[in-house]
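1. Any chance you can model this:
(chains A and B)
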Amino acid sequence: MLTLRLMRLERGDDNQLPPLVVVESPQVAVEQISHSTHRSIETLVVVLAVITIVVVIAGFIARLCGGRHYGGNGEVEGWIESRCRSCIDAGASSAPPPPPPTPPVAAKAASTPKEEDITCLGLEFFQTRSNNIKIQAEDLEEEEEEHRVASLIGKCPNMRVLRQIHSYILTRSLPSSTLSFSLSKITCFCALSPLGNILYAQRVLFHTPNPNIFSWNSLIGGFSQSHTSQSFPIFKTLISRGHPNPNTYTLAFVLKSCSISPAVQEGFQVHSRVIRSGFTSSSFVQSSLVNFYAKCEDIKSARKVFDEMPDRSVIAWSVMIGGYAKLDLFNEALGLFSDMQKAGVVPDEVTMASVVSACAGLGALDVGKWVHSYIKKRKIVIDVKLSTALINMYAKCGCIEKAKEVFDEMPFKDSRAWSSMIVGFAIHGLAEDALSVFASMEESKVKPNHIAFLGVLQACAHGQLVREGQRHWASLHESGIQSSIEHYSCMVDLFCRANLLQEAYAFIQNMPVDPDPVIWRTFLVACKKNKNMEKGELVGQRLLKLEPFNPENYALLSSFYAACSQWSKMGHLRKQMRDKGFKTVPGCSSIEVDGIVHEFVLGDWSHPESKEIKEVLTDVLRRVESLGHKANVSGVLHDVGDEVKEEALCEHSERFAIAYGMLKTKAPVVIRVVKNLRVCADCHEVTKIISRVYEREIVVRDRVRFHSFVGGACSCKDIW
DNA sequence: CTAGGGTTAG
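-> Below is the predicted model:
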């Protein structure tokens, strides 16, 4: 009967288990496992051996217990079964099982084994025990036994061996404290080791009599790494009656899981528990709280906890800086980094990854370069993550060469690093480079992730490589990666930029997911460019239904009507916008000069040097017109509302930024534009002229990509 | 047994 159960125990594993080791000494167990590769021939011998030994063992245990604690043989088996079942059933259910009846404890009270039993087992442990050694010595033995179990688990190579160690522990008559200690070690391994099994850990914990806080922490910590939503219910069970009190480890773990989910309400409850239990002064708990609030996007609360910290570790600073950066509060992130330096806290590579990422978000190349040299000077370790952040920063700041440099210097590249480089090339319109990096990635046997594919598709769209894009689209599906709306969007853009409106529309209609507003706007821009009234009007109306309160849609549709010379329809739309109280989203452009990012918004002349800027703009206007170009090249109204068209030329925010750049620096003028979709055709034409007439290199980063203007030509392959 | 970081469509 027992043999049968032990075989069931094996079923949880993929491979066959040499059952001998279940009852052998643990050292032998480990050795046997590691040498059991040629099992098939030996299986029969092994099975026979186990039956023999199991029968002997069962008899031994029965006699050992002598009916004192567990009644007869049947009860002993039942006890072992209940414990072994806990191993078998692990993984069967995800919900925490009801606390089981406390299993009979193999307590110290277990009767002293007789000499013949000991000989039969050959275990020294029992031998020493039977020699009536004094209590002091017995304590030492327990320590020794605990040490033995701990070291065994420390070396445990997989779950199968762990199950055997578990079985070994359960078949021993251990004092309750030793048992509890051993089971907590088992729980810890199962919950926290990458080789473990969290559900097994859960079963073990619920079958441990009076589990200690170490066990609970392991379980909560384990869940916080994977099944985050499970952490909090376990925590709730823990804080109910009759369990040990949570400590700082518990709180750190449970807060971590609340921040990953993120589970706002649960996190609040934990915070109140932190206050009530008086762990507010723990730096671990504090940082966890800051992180929790930051991840829940409650940056004010995060900052409040952060400000109340008396001693802020490098981790607390990193969490706060990273929190700002994640929420696009880049200036705050950089400001806090400066405060950190003032406070004399030495940043590490984790801090710097967030700082670099903030520079990327701002498009602040000067600051980014400074930060990079700071990292080198301070000898901060540049690991994969920091390198990836640097690649991204240089790429987003228009310095693709530096990005490539950092990339080439990396000794090891993971899928994110490759993706970052691919996307970098893609936004620079360097489709061939992006594709070749993607090819090298595949050669290096690094599996492309969804963003790597996004990058290649983006590159193909920007480079108008329709065939290539379709090929990668197919391989995306072959790779087993779930294609997202972003991927579909890239495909639509691929067709749109190549002016393949029919293909684009058919593609949208055949999508298994509902097209989102971004996709419709992409398509509408293509309709505008191709003056396709029929489809454009249809899609435009659809957009207004889908997002009736997004001014961007109105601005785009009205400019579409203007492009199609449908002035009355355009006027009607403008009226609608006025009636609804919409203002067109003002364009916003920025440029970094001497480490400061200057932002220019349409119609805003509050910049301290606006007078000088105006003078440059007048000169630009004069030069452009003297070359025989009309101020409004295509007569299209963009996002300038009802402004007079002639004024529109110089009122576009990118002109502010370009003018300021020409005024302040001799270097290439790198500006960023955030406006209604792509840089409009007018702006593009005018920028070309400026670049030629003033002999300046101008780099314009719109929300999609970079356009490099040199000598009046743009690197962009789009047809304007 | 405890806290932090990088890439994302128009």
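
2. Helix or strand: which one has the residue of the stretch 601-720 of chain A found nearest DNA strand B?
-> Relative to DNA strand B, the nearest point of the stretch 601-720 of chain A is residue A:704 (4.3 Å; C-beta to the nearest atom of the strand). From N, CA and C alone the C-beta is placed, and that goes for glycine too. Per DSSP states H and E: residue A:704 is located in neither a helix nor a strand.

3. Looks like it contacts residue A:428 (just checking).
-> No. When contacts are counted by C-beta atoms under 8 Å, residue A:704 is not listed as touching residue A:428 (11.1 Å).

4. Settle it for me: which of these two has more neighbours?
-> Comparing residue A:704 with residue A:428 by other C-beta atoms under 10 Å, the one with more neighbours is residue A:428, at 24 against 19.

5. low-confidence ranges in chain A?
-> Low-confidence segments of chain A (pLDDT under 70): A:1-141, A:584-585, A:630-651, A:676-680, A:717-720.

6. for the residue of the stretch 601-720 of chain A closest to DNA strand B, phi and psi?
-> phi -110, psi -50 (degrees, to the nearest 10).

7. Likewise for residue A:608?
-> The phi/psi pair for residue A:608 (degrees, to the nearest 10) is phi -60, psi -30.

8. what's the burial count for it?
-> Neighbours of residue A:608 using other C-beta under 10 Å come to 8.

9. From residue A:158, how far out is it?
-> 67 Å (C-beta to C-beta, to the nearest Å).

10. Same check on residue A:684?
-> For residue A:684 relative to residue A:158 (C-beta to C-beta), the value is 61 Å.

11. Look at these two and report which has more neighbours.
-> Using other C-beta under 10 Å, the more surrounded residue of residue A:684 and residue A:158 is residue A:684, with 21 against 14.

12. for the host helix or strand of the more buried one, packing partners?
-> Assessed by DSSP H and E, residue A:684 sits inside helix A:681-693. Helix A:681-693 sits against helix A:610-626, helix A:645-651, helix A:653-664, strand A:698-701, strand A:706-710, strand A:713-714, with contacts defined as 3 or more C-beta pairs under 8 Å, 6 or more residues apart in numbering; DSSP states H and E.

13. tally of neighbours for residue A:264?
-> By the criterion of other C-beta under 10 Å, residue A:264 has 16 neighbours.

14. ok, and the closest non-adjacent residue to it?
-> Of all residues not flanking residue A:264 in the chain, residue A:296 sits nearest, at 5.0 Å (C-beta to C-beta, 6 or more residues apart in numbering).

15. wouldn't that neighbour be in contact with residue A:261 here?
-> No. If you go by C-beta under 8 Å, residue A:296 and residue A:261 don't touch, sitting 9.2 Å apart.

16. Looking at these two, which has the bigger crowd around it?
-> Taking neighbours as other C-beta under 10 Å, residue A:296 and residue A:261 compare with residue A:296 leading, 19 against 16.

17. how near is the more buried one to residue A:332?
-> Distance from residue A:296 to residue A:332, by C-beta to C-beta: 17 Å.

18. Pick out the residue nearest the middle of chain A.
-> residue A:260 (9.2 Å; C-alpha atoms, centre = their mean).

19. residues contacting it?
-> Contacts for residue A:260 (C-beta atoms under 8 Å, 6 or more residues apart in numbering) come out as A:224, A:228, A:295.

20. Locate the nearest residue to the second one once chain neighbours are set aside within the secondary structure: which element?
-> The shortest distance from residue A:228 to any non-neighbouring residue, by C-beta to C-beta, 6+ apart, is to residue A:257 (4.1 Å). If you go by DSSP H and E, residue A:257 is part of helix A:248-260.
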